[in-house]
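Undergrad: no sequence on hand, only this structure:
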């Protein structure tokens with residue numbers, strides 16, 4: 001009987017598919033992802049999110065059910081306690097499960113307020129093992145510095161760039177893995193999502209110099225929205241994600257389990273940088289993604305593992 005694969009899901013937030021070199025980005029933003037697509041995985045070039053908003057997309061991913069079924073049709077609606085989730089299914093199948101980073105499924109506008117507090121065990125969707133997370137990561141951290149919580153509710157503070165520090169927790173899980181059972185590890189980043197409380201995109205220091213000479217995506221119209229100001233930092237965030245994705249691959253290889261591990265890279269939705277604000281219906285709301293245009297629903301999706309061809313570009317929707 002063939003040994004079951006481990007699974008690592010590396011998840012970004014608000015990342016357009018065209019930030020990847022393998023999807024046409026001319027600047028060296030994603031060298032590790034490009035190599036991964038070219039050598040090890042299948043690149044689903046026309047992958048689309050079924051819901052271009054953070055919370056609903058996460059609820060759907062964890063349950064396999066649409067927002068109309070879970071009730072999580074917008075942000076600030078907590079995931080129902082009785083949902084059959086990915087973590088619960090995998091645990092039932094004998095997997096060890098771990099979660100790192102942004103959760104965004106515990107808080108709501110009524111009785112559950114965990115935006116800056118530890119998420120209780122019953123609100124973690126079945127992730128009862130390794131847990132290093134915050135429900136609303138942008139409320140507990142910024143580009144540099146912040147905190148998350150461990151499985152016992154202890155605060156874990158960090159000073160460095162957030163993408164690096166969140167990845168540190170995922171790498172630690174891999175390094176400490178004992179191999180008794182297969183594992184599922186989700187590393188959920190907030191980059192390159194804008195930092196709401198500062199109204200900014202917070203790339204690593206030097207991002208504006210490194211990526212200032214960018215080629216604008218064709219759907220971003222000059223003079224509309226805020227992409228002309230923020231796109232270099234946005235690409236800097238994506239570059240940091242790429243480097244940290246590479247760190248995870250390296251940790252798997254160093255541990256000797258890379259070939260036995262399925263690796264998934266994806267994002268919850270894309271971004272239009274406020275260029276569609278004049279199309280919002282009266283009384284409606286949008287900021288960077290709440291619609292179904294190409295830039296907001298098309299996302300990166302790359303998968304390596306049993307059943308997925310190496311170096312293939314899949315053009316089907």
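TA: Okay, I see it. All figures in this text were calculated on a predicted structure; none of them were measured in a lab.

Undergrad: could you measure from residue 315 over to residue 16?
TA: Distance, residue 315 to residue 16, using Cβ to Cβ, to the nearest Å: 18 Å. Heads up, the C-betas are built off the backbone N, CA and C, glycines and all.

Undergrad: who's more crowded, these two?
TA: Set residue 315 next to residue 16 and count neighbours by other Cβ atoms under 10 Å: residue 16 wins out with 28 against 9.

Undergrad: which non-adjacent residue is nearest that one?
TA: residue 270 (4.3 Å; Cβ to Cβ, 6 or more residues apart in numbering).

Undergrad: helix or strand for the one you found, which one?
TA: Assigned by DSSP states H and E, residue 270 falls within no helix or strand.

Undergrad: swap in residue 173?
TA: Residue 173 belongs to helix 162-176 when elements are defined using DSSP H and E.

Undergrad: over to residue 37?
TA: With DSSP H and E as criterion, residue 37 is part of helix 31-39.

Undergrad: repeat that for residue 184.
TA: Per DSSP H and E, residue 184 falls inside strand 183-188.

Undergrad: and the following helix or strand past that strand, what other elements does it pack with?
TA: Per DSSP H and E, strand 183-188 leads on to helix 207-210 as the next helix or strand towards the C-terminus. Under the contact criterion of 3 or more Cβ pairs under 8 Å, 6 or more residues apart in numbering; DSSP states H and E, helix 207-210 touches helix 227-255.

Undergrad: endpoints of stretch 285-299, how far apart?
TA: Using Cα to Cα, to the nearest Å, the end-to-end distance of stretch 285-299 comes to 22 Å.

Undergrad: off-centre distance for that stretch?
TA: Taking Cα atoms, centre = their mean, to the nearest Å, one finds stretch 285-299 lying 16 Å from the centre of the chain it belongs to.

Undergrad: go through that stretch and flag the buried ones.
TA: Across stretch 285-299, burial judged by 16 or more other Cβ atoms under 10 Å covers 286, 288, 289, 290, 291, 295, 296, 297, 298, 299.

Undergrad: repeat for stretch 95-109
TA: For stretch 95-109, the neighbour count (16+ other Cβ under 10 Å) marks 95-108 as buried.

Undergrad: burial count for the residue nearest to residue 16?
TA: So residue 270, with other Cβ under 10 Å, has 26 neighbours.

Undergrad: residue contacts, it?
TA: By Cβ atoms under 8 Å, 6 or more residues apart in numbering, the contact set of residue 270 is 14-17, 49, 52, 289, 294-299.

Undergrad: export the residues you listed to CSV and tack on distance to residue 115 and secondary structure?
TA: Listed next are those as CSV, based on distance: Cβ to Cβ, whole Å; DSSP: H, G, I helix; E, B strand; the rest coil:
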residue, distance to residue 115, secondary structure
14, 18, coil
15, 23, coil
16, 26, coil
17, 29, helix
49, 23, coil
52, 22, coil
289, 20, coil
294, 32, helix
295, 28, helix
296, 24, helix
297, 27, helix
298, 29, strand
299, 25, coil
